[in-house]
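*Asks:* Here is my input, please return the structure:
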Amino acid sequence: MKPARIVYVSCNPAILVRDLKGITEKVPCRIENTIPIDMFPQTYHVEVEVSMKRM
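*Replies:* So this is what the prediction gives:
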């Protein structure tokens, strides 16, 4: 499969960085948008959505 767009959602910023590095090394893509999502108010926890577009 060669999707034109990839959307990655992570609950752990350290793993997000690790996985994005692996994805961008294997698939030529550009990160277009990063959105933090506070699904658990009054906690330190935050989800992160990253939109990538294949180059």
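*Asks:* For the chain, which segments are assigned as helices?
*Replies:* For the chain, applying DSSP state H gives helices covering 13-26.
*Asks:* beta partners of the residue sitting nearest the centre point of it?
*Replies:* In the chain, the centroid-proximal residue (CA atoms, centre = their mean) is residue 50; its distance is 3.3 Å. Beta bridges link residue 50 to residue 8, residue 34 when assigned by DSSP bridges.
*Asks:* wait, isn't it in contact with residue 23?
*Replies:* No: taking CB atoms under 8 Å as the definition, residue 50 is not a contact partner of residue 23, at 9.3 Å. C-beta here means a position set from N, CA and C on the backbone, and glycine is covered the same way.
*Asks:* hey, what's in contact with both of these two?
*Replies:* Overlap of the contact sets of residue 50 and residue 23 (by CB atoms under 8 Å, 6 or more residues apart in numbering) consists of residue 8.
*Asks:* buried residues in the helix or strand bottoming out on mean pLDDT in the chain?
*Replies:* The helix or strand of the chain with the poorest confidence is helix 13-26; it has a mean of 93 (mean pLDDT, DSSP states H and E). Across helix 13-26, burial judged by 16 or more other CB atoms under 10 Å covers 16, 20.
*Asks:* low-confidence ranges in the chain?
*Replies:* Of all residues in the chain, none has pLDDT under 70.
*Asks:* Now with 90, please.
*Replies:* 1-3, 13, 27, 44 (pLDDT under 90).
*Asks:* residue at max distance from the center of it?
*Replies:* residue 42 (23.0 Å).
*Asks:* what sits against that residue?
*Replies:* By CB under 8 Å, 6+ apart, residue 42 has no neighbours at all.
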